[in-house]
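Visitor: sequence first, then the predicted structure, then my questions.
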Amino acid sequence: MKRIISAILLIIIAAAAFTGCGIFTPSAPQRFSVVWYDLFDTGISVTAYCRDQKEFSALSSEIYSELQRYHRLFDIYNEYEGMNNACTVNKRAGDRSLVETDPALVELAVLAAEMYRLTDGRVNVALGPVLSLWHEAREVSLQSPDKAYIPSAGELSAAAQHCSIEGLFIDREKNALRLEEGMSLDLGAVAKGFAVEKTAQKLEAEGRSMVLISAGGNVRAVGSKPEGEKWSVAIQNPDLTSEKNYVDVILAQDISVVTSGVYQRCFEYNGRSYHHIIDPDTLMPEDRYLSVTIAAKDSGAADALSTAVFNMDQAEGLAFIESLQDTEALWILPDGSFAESSGWEALRK
Ligand code: AMP
Ligand code: MG
């Protein structure tokens, strides 16, 4: 009898704790955060509300290992044991045989090809040969300012002969890719956003919420904060010397906010600053904006769009954004003034 009573008591206690009533009410979730600096060549932070440190540690390890897997898969400079990644695909450009790879890299290639078509080529992951000339110039110029230079027009236009997206073959059934001779992929415009989106979707499928991932200008909210309160996402002030770190704040829940800015990776040559977003028409970094921010559901698409819209004139970019559903943008112009799409204001509330 005693055993039965204690078993019933246990059930009642467990039920009380579970339903949140009685003395075993779980305490309100606490805010935790962590920052990593070794993935995607940027700082990545995770903020989440969890029961305790143990729960947060498990969550952040899961997020880290997902992002690390994508980092390796999309790396164009290094290969890793046990996988054919973007670097392998580049190395084998010109081979007749396809390179079998991970479905996620194929999915990213499919998204990138779609985004190329949607944006009339303003974001082109096959721009590798041109982008590597700029990358090399930036590395040298930052390391030895006395040797600073920019690629010559001749070199750039020769490289541009090998940047047609048509030379990227995608075999979705075999999970394989192939590039034409002389080509190379540069996934910098889409990889981070795609990796953050896939990771966020995995967390959502596990029933997670109250998580915010921020990967160098790529923010993705998984659910809201406790009690349904939205996350505040600050838009970076492009003037990094200013005491004011941000210039706008929007409220986010289950959406992504992605910024492409001139301050992210730049170098000086002959008294002028050169940023890292290359206009496929001029093969140069154009000074249209200080930054472009896109707010949209999918972080991979938002990342591709932030780079593409950066390469569009204001009127064209605005009309383009207005033509897309559930997609908003904020432009910061060279004089520091703002332009925004029609639905941006609603994101501030
Ligand atoms: P984001 O910060 O998302 O705008 O991405 C910029 C990065 O994407 C650069 O560092 C380059 O690696 C790459 N990139 C620059 N310009 C382009 C372009 N027009 N199309 C595709 N990738 C680009
Ligand atoms: Mg981008």
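Guide: All right, it came through fine. Ligands and ions are numbered 1, 2, ... in the order given.
Visitor: ok, how many other residues are close to Gln314?
Guide: 13 (other Cβ atoms under 10 Å). Every C-beta, even on glycine, is put in place using the N, C-alpha and C of the backbone.
Visitor: what about the closest residue to ligand 1 within the chain, which SS state?
Guide: Going by Cβ to the nearest ligand atom, ligand 1 is nearest to Gly188 of the chain, at 2.5 Å. Here Gly188 is recorded as coil under DSSP: H, G, I helix; E, B strand; the rest coil.
Visitor: and it, how far from Ile278?
Guide: Here the criterion is Cβ to Cβ, to the nearest Å. By it, Gly188 lies 10 Å from Ile278.
Visitor: need the residues touching each of these two.
Guide: Residues touching both Gly188 and Ile278 by Cβ atoms under 8 Å, 6 or more residues apart in numbering: Leu131.
Visitor: more neighbours: the two, which one.
Guide: For Gly188 and Ile278, the more surrounded residue by other Cβ under 10 Å is Ile278, and the numbers stand at 24 against 21.
Visitor: I figured that one hits Leu133, correct?
Guide: No: using Cβ atoms under 8 Å, Ile278 is not in contact with Leu133, being 9.4 Å away.
Visitor: how about the residue in the stretch 51-200 of the chain that ligand 2 sits nearest to, nearest residue that isn't a chain neighbour?
Guide: Residue nearest to ligand 2 within the stretch 51-200 of the chain: Ala189 (4.2 Å; Cβ to the ion). Sequence neighbours aside, Thr307 is the residue nearest to Ala189 in space, at 3.9 Å (criterion: Cβ to Cβ, 6 or more residues apart in numbering).
Visitor: contacting residues for that neighbour?
Guide: 122-123, 189-190, 260, 277.
Visitor: ok, Cys266 next?
Guide: Going by Cβ under 8 Å, 6+ apart, Cys266 touches 138, 273-276.
Visitor: same deal with Val123?
Guide: So Val123 contacts 112, 115-116, 189-190, 304-305, 307-308, 311 (Cβ under 8 Å, 6+ apart).
Visitor: which of the residues you listed ranks first by neighbour count?
Guide: Leu305 (31 neighbours).
Visitor: show me what Ser232 is bridged to.
Guide: Leu251 (DSSP bridges).
Visitor: test my guess that it contacts Val249.
Guide: Yes: proximity of Ser232 to Val249 meets the contact threshold set by Cβ under 8 Å, at 5.3 Å.
Visitor: those helices in the stretch 101-250 of the chain, which residues are they?
Guide: Along the stretch 101-250 of the chain, the segments classed as helices by DSSP state H, counting those that start in this stretch run 103-118, 128-143, 153-159, 191-205.
Visitor: out of those helices, deepest packed?
Guide: Of these, the one with the most neighbours on average (mean count of other Cβ atoms under 10 Å) is helix 191-205, at a mean of 22.
Visitor: so for that helix, mean pLDDT?
Guide: The average pLDDT for helix 191-205 rounds to 98.
Visitor: likewise stretch 128-135?
Guide: Mean predicted lDDT for stretch 128-135 stands at 98.
Visitor: ok, stretch 339-349 next?
Guide: 97.
Visitor: got the buried residues for that stretch?
Guide: 339-341, 344, 347 (16 or more other Cβ atoms under 10 Å).
Visitor: same question for stretch 203-219.
Guide: 203, 208-219.
Visitor: please apply the same query to stretch 69-77.
Guide: Buried, per 16+ other Cβ under 10 Å, within stretch 69-77: 69-76.
Visitor: TSV for the residues you listed, including distance to Ala48, pLDDT and secondary structure?
Guide: Below are the buried residues of stretch 69-77 laid out as TSV (distance: Cβ to Cβ, whole Å; pLDDT from 0 to 100; DSSP: H, G, I helix; E, B strand; the rest coil):
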residue	distance to Ala48	pLDDT	secondary structure
Arg69	20	97	helix
Tyr70	19	98	helix
His71	20	98	helix
Arg72	24	98	helix
Leu73	24	98	helix
Phe74	24	98	helix
Asp75	26	98	coil
Ile76	31	97	coil
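Visitor: alpha carbons of stretch 223-230, as PDB, please.
Guide: Taking C-alpha atoms only, stretch 223-230 is exported to PDB below (Å, rounded to 0.1, in the frame of the first residue of the first chain):
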ATOM      1  CA  GLY A 223      11.600  31.800 -32.500                       C
ATOM      2  CA  SER A 224      11.300  34.700 -30.100                       C
ATOM      3  CA  LYS A 225      12.700  35.500 -26.600                       C
ATOM      4  CA  PRO A 226      10.700  34.200 -23.600                       C
ATOM      5  CA  GLU A 227       7.000  35.300 -23.400                       C
ATOM      6  CA  GLY A 228       6.900  35.900 -27.100                       C
ATOM      7  CA  GLU A 229       9.100  39.000 -26.900                       C
ATOM      8  CA  LYS A 230      10.900  39.700 -30.200                       C
END
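Visitor: okay, buried residues for it please.
Guide: Neighbour-count burial for stretch 223-230 [16+ other Cβ under 10 Å]: 223-225, 230.
Visitor: just to revisit the earlier point, so which of the helices of the stretch 101-250 of the chain is nearest Leu168?
Guide: helix 103-118 (6.6 Å; Cβ to Cβ).
Visitor: now do the closest one, average pLDDT.
Guide: 98.
Visitor: and the angle for it with helix 191-205?
Guide: Taking axes from the mean of the first three to the mean of the last three Cα atoms, to 10 degrees, one finds helix 103-118 and helix 191-205 inclined to each other by 120 degrees.
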